[in-house]
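Undergrad: 3D model of this:
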Amino acid sequence: MASYTGSTQAIQTNIGMKIDDLFVRWVCEESSGEKLLKMASSVKSNSKSGTYMKTRGEASVARDPGMVLSRKNSPPPRGPSPASPAASPLSSPQPRRRVYTSESIPVGVNMALGPQLKAAAHEDDAVTSVSGGTGSVPSPQTNSKLPMTSTGVALSAANIPQFYFPYGRPADKSQTSVAADAIKHVFDSLGKGRGLTKVQFSAVCEVCKLPLYWKSILFNAAAGDSAKRKVDYKTFSQTWKRLNERYHGAEAQFVQLATCFERSYILFDDLVPVVQGVVDDHPGLGFLRTSSEFISCYINTVISRIFYSVNRSWSGRITVAELRRSQVLTVIKDLENMDRVDDEIQFFSYAHYYVIYCKFCELNYSGKGTLDMDDLLEYAEYSLTPAILKRVLSKAVQRNDSKEGEMSYLDFVWFMLSEEDKTSRTSIEYWFRCVDLDGDGVISMYELEYFYKEQLERMEQACVEPLDFCDCLCSLLDMVKPQKTDCIALRDLKACGNAKVFFNTLFNFNKFLKHEQHDPRMDADSEDDNLTDWQRFAKMEYANMVAGEADDVRKGSDVEEDTEDDLLLKLTAED
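TA: Down below sits the predicted model:
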């Protein structure tokens, strides 16, 4: 009997703990918190009007918060029930309603609902409890209702430090004042009261601690829409004050200066003054300044490469967040310390531009400035299938105003970067959009078979032992390991690390054969291991082009040897 009693007590204890746990979970729900707050406010309003009942038996709280029912408003009872507690002398008295105060709120509830429930509990302490009222109810004390921490410390906007700076962390005001004095000194010494030109803004960028190649957008933002040749100190000081009042980070300042304070994102044309400034001032591009036609092509290539790497949303707009996650501003700043622009291989390399431009000219036989299906078929010795080129020429991946079925030079930049390096995020998204025929966000088995069918035909034509689609499908699924066995999502290709082999298997015949016949044991460590696939390709192609074209130039003339830069300009002009 004792063991039974002990086990019963243990069960009751566990039940009580479980009830408390369930109560805490219920209170932690958002809907429950709102109901409790409504009930607390209802109790507060009723206490002011004196509607509290004197005895426990005369008070009953309705399920709907804010409604207090008494026996006077209740329907008449049907009669005493034998099973009711009032009719049975052996029935135990009803338990008293537990009233939670600010000290008795469970820890989990206090941390979940936080300051609101605790503030309501403080107000309830000043009100007489429903179960033990004495008749007269004192008016509740006013409460500031400030948020409370777990230790009881009131929180307010005054003592919560700012932790989110969308436009950069503000700089010290003393540094801003020092910069203003230095700016005034530059305008007084160089402008002599007449203002400064765009060329003279190099000194302004220096005292403002901005990169040198920001001078064009800094001048344009200060000059405004008018075609001013000079900017005086008063006009620039207003622009500088406007820039530093709200925009403190380098990314936010760059966007505002490039757009002349008109937008919070960058468009293609907004970057033209920056790249033009690099062409005008960088010592490694002196040979290019005499040819305006090739300057335009170089600028468009650089900006296309920037959008290719930075604009992750494919919107044609570079936001402050995207710019902050990229290395564009760091690269622009590092160009000041580089004697050769080819040392920068991410965006501004002239060698990379030369490779892209020459490839485009090789395919553009008609000279109309755009490429069609017949032109693209000859790319990389007919390695790409017509099925994938048809998708490339569609609006699935065209980023500019090219007509359907044609490819402009800007679109060709994206195409070549994606084709020669299928490991980058943009390249994977580029080819995924092409293979996803129905645009449902996944690559189905039908779409895989559709693109691989032309690869099978090419294998038969090349007298290569074909790999049927079933075996190829098993190989692709083992390679990608998708989360769903019936389709392949974009996240699967990005996570597997084999997107290059996956896409080459579907539509690039030459690279597919090279992979199948490649022996990994023949790979040797080299200095190019840290380069991307595109950088390795551009380096090799540039060396071959320069060597081949240089031989042709030297054989046809007996002039003394040109420098490398003069030779490159001559070759570009001939193309």
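
Undergrad: Ile388 contacts Leu437, doesn't it?
TA: No. Counting by CB atoms under 8 Å, Ile388 stays clear of Leu437, with 10.9 Å between them. (Glycine included, C-beta is placed from N, CA and C.)

Undergrad: residue ranges for the strands of this structure, please.
TA: 60-61, 68-69, 265-266, 318-319, 442-444, 487-489 (DSSP state E).

Undergrad: Let me have those strands in a markdown table, extended by mean neighbour count, distance to Asn508 and mean pLDDT.
TA: Putting these into a markdown table (neighbours: other CB atoms under 10 Å; distance: least, CB to CB, whole Å; pLDDT from 0 to 100) gives the following:
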| stretch | mean neighbour count | distance to Asn508 | mean pLDDT |
| --- | --- | --- | --- |
| strand 60-61 | 14 | 74 | 41 |
| strand 68-69 | 14 | 77 | 40 |
| strand 265-266 | 22 | 33 | 96 |
| strand 318-319 | 22 | 30 | 96 |
| strand 442-444 | 19 | 16 | 96 |
| strand 487-489 | 20 | 18 | 96 |
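
Undergrad: closest to Glu336 out of those?
TA: Glu336 lies closest, by CB to CB, to one member of these: strand 265-266, at 21.1 Å.

Undergrad: That closest one - contacts with which helices or strands?
TA: Under the contact definition 3 or more CB pairs under 8 Å, 6 or more residues apart in numbering; DSSP states H and E, strand 265-266 sits against helix 250-258, strand 318-319.

Undergrad: I'd like the ones you listed laid out as TSV, including distance to Ile345.
TA: Listed next are the helices and strands packed on strand 265-266 as TSV, based on distance: least, CB to CB, whole Å:
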stretch	distance to Ile345
helix 250-258	22
strand 318-319	20
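
Undergrad: Next, count neighbours for the residue nearest to Met459 when sequence neighbours are not counted.
TA: Excluding the flanking residues, the one nearest Met459 by CB to CB, 6 or more residues apart in numbering is Pro466, at 4.3 Å. Pro466 is flanked by 14 other residues according to other CB atoms under 10 Å.

Undergrad: Please verify my assumption that Lys422 contacts Phe537.
TA: No. Lys422 is beyond contact range of Phe537, at 11.3 Å (criterion: CB under 8 Å).

Undergrad: So for the two, which residue has more residues nearby?
TA: Taking neighbours as other CB under 10 Å, Lys422 and Phe537 compare with Lys422 leading, 22 against 18.

Undergrad: which ones are touching the more buried one?
TA: Applying CB atoms under 8 Å, 6 or more residues apart in numbering, one finds that Lys422 lies in contact with 428, 431, 499-500, 503-504, 533.

Undergrad: Can you flag the buried ones in those?
TA: Buried by 16 or more other CB atoms under 10 Å: 428, 431, 499-500, 503-504, out of the contacts of Lys422.

Undergrad: Nearest to Arg399, out of the strands of the chain?
TA: Nearest of the strands of the chain (CB to CB): strand 318-319, 13.0 Å.

Undergrad: Quickly run through the sheet partners of the closest one, with directions.
TA: Strand pairing for strand 318-319, determined by DSSP bridges: strand 265-266 (antiparallel).

Undergrad: quick one: contacts of the partner strand?
TA: Contacts of strand 265-266 with the rest of the structure, by CB under 8 Å, 6+ apart, involve 255, 258-259, 317-320, 323.

Undergrad: quick one: the helices in the stretch 151-300 of the chain?
TA: 173-186, 201-207, 215-223, 233-246, 250-258, 272-281, 292-310 (DSSP state H, counting those that start in this stretch).

Undergrad: low-scoring stretches of the stretch 1-150 of the chain, by residue?
TA: 1-14, 16, 30, 46-150 (pLDDT under 70).

Undergrad: For Asp551, list the residues it contacts.
TA: Counting by CB under 8 Å, 6+ apart, there are no residues that Asp551 touches.

Undergrad: Next one: it from Asn544, what distance?
TA: Going from Asp551 to Asn544 by CB to CB, to the nearest Å gives 11 Å.

Undergrad: One more: Glu420?
TA: Distance from Glu420 to Asn544, by CB to CB: 14 Å.

Undergrad: quick one: which of the two has more around it?
TA: A count of neighbours by other CB under 10 Å puts Glu420 above the other of Glu420 and Asn544, at 21 against 11.

Undergrad: Chain neighbours aside, what residue packs nearest to that one?
TA: Nearest to Glu420 is Phe537, by CB to CB, 6+ apart, at 4.5 Å.

Undergrad: Is the one you found in contact with Leu417, as I believe?
TA: No. At 9.9 Å, Phe537 does not count as touching Leu417 under the criterion of CB under 8 Å.

Undergrad: circling back: quick check: which of the strands of the chain is nearest to Ser383?
TA: strand 442-444 (20.9 Å).

Undergrad: which residues does the residue nearest to Glu420 contact?
TA: 355, 420-421.

Undergrad: and with 10 Å instead?
TA: Residues near Phe537 by CB atoms under 10 Å, 6 or more residues apart in numbering: 352, 355, 416-417, 419-421, 531.

Undergrad: Give the buried residues for stretch 228-244.
TA: Quick answer for stretch 228-244 (16+ other CB under 10 Å): 228, 231, 233, 236, 239-240, 243-244.

Undergrad: May I have the phi/psi pair for Gly369?
TA: Per-residue torsions, Gly369: phi 90, psi 0 (degrees, to the nearest 10).

Undergrad: so what's it up against?
TA: 360, 406, 408-409.

Undergrad: Check Gly316 too.
TA: 265-268, 307, 399-400.

Undergrad: got a winner among those residues for most neighbours?
TA: Ile266 (26 neighbours).

Undergrad: That residue - nearest residue in space that isn't next to it in sequence?
TA: Per CB to CB, 6+ apart, closest to Ile266 is Ile318, 4.2 Å.

Undergrad: same deal with Ser394?
TA: Glu404 (6.2 Å).

Undergrad: Now do that neighbour: how many residues are near it, please.
TA: As a burial measure, Glu404 scores 8 neighbours (other CB under 10 Å).

Undergrad: about what we covered before: the contacts of Lys422: which two are farthest apart?
TA: Spatially, the most separated pair among the contacts of Lys422 is Trp431 and Asp533, at 13.5 Å (CB to CB).

Undergrad: where do the contact lists of Ile388 and Leu437 overlap?
TA: Common neighbours of Ile388 and Leu437 (CB under 10 Å, 6+ apart) are Phe451.

Undergrad: So between those two, which is more surrounded?
TA: Ile388 (20 against 15).

Undergrad: from memory that one sits against Arg433, does it?
TA: No. In this structure, Ile388 is not within contact of Arg433 by CB atoms under 10 Å, at 11.3 Å.

Undergrad: Give me the below-cutoff pLDDT ranges for the chain.
TA: Along the chain, segments meeting pLDDT under 70 span 1-14, 16, 30, 46-159, 172-178, 225-227, 519-528, 550, 553-575.

Undergrad: mind running it again at 50?
TA: Across the chain, the ranges flagged by pLDDT under 50 are 1-5, 51-74, 76-118, 120-143, 559-560, 570-571, 573-575.

Undergrad: Contact partners for Tyr315?
TA: Rather than Tyr, residue 315 is Ser. Residues near Ser315 by CB under 10 Å, 6+ apart: 265, 307, 322.

Undergrad: of the residues you listed, closest to Gly33?
TA: Nearest member of the contacts of Ser315 to Gly33, counting by CB to CB, is Glu322, at 37.9 Å.

Undergrad: Let me know how buried that closest one is, in neighbour terms.
TA: When neighbours are defined as other CB under 10 Å, Glu322 has 20 of them.

Undergrad: circling back to that earlier point, which ones are touching the residue nearest to Met459?
TA: Counted by CB under 10 Å, 6+ apart, Pro466 has contacts 455-460, 472.

Undergrad: hang on, the earlier thing: as a markdown table, the contacts of Gly316 with distance to Asn364 would be great.
TA: Formatted as a markdown table, those follow (distance: CB to CB, whole Å):
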| residue | distance to Asn364 |
| --- | --- |
| Tyr265 | 32 |
| Ile266 | 29 |
| Leu267 | 27 |
| Phe268 | 22 |
| Phe307 | 22 |
| Arg399 | 19 |
| Asn400 | 16 |
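
Undergrad: Alright, I will stop here.
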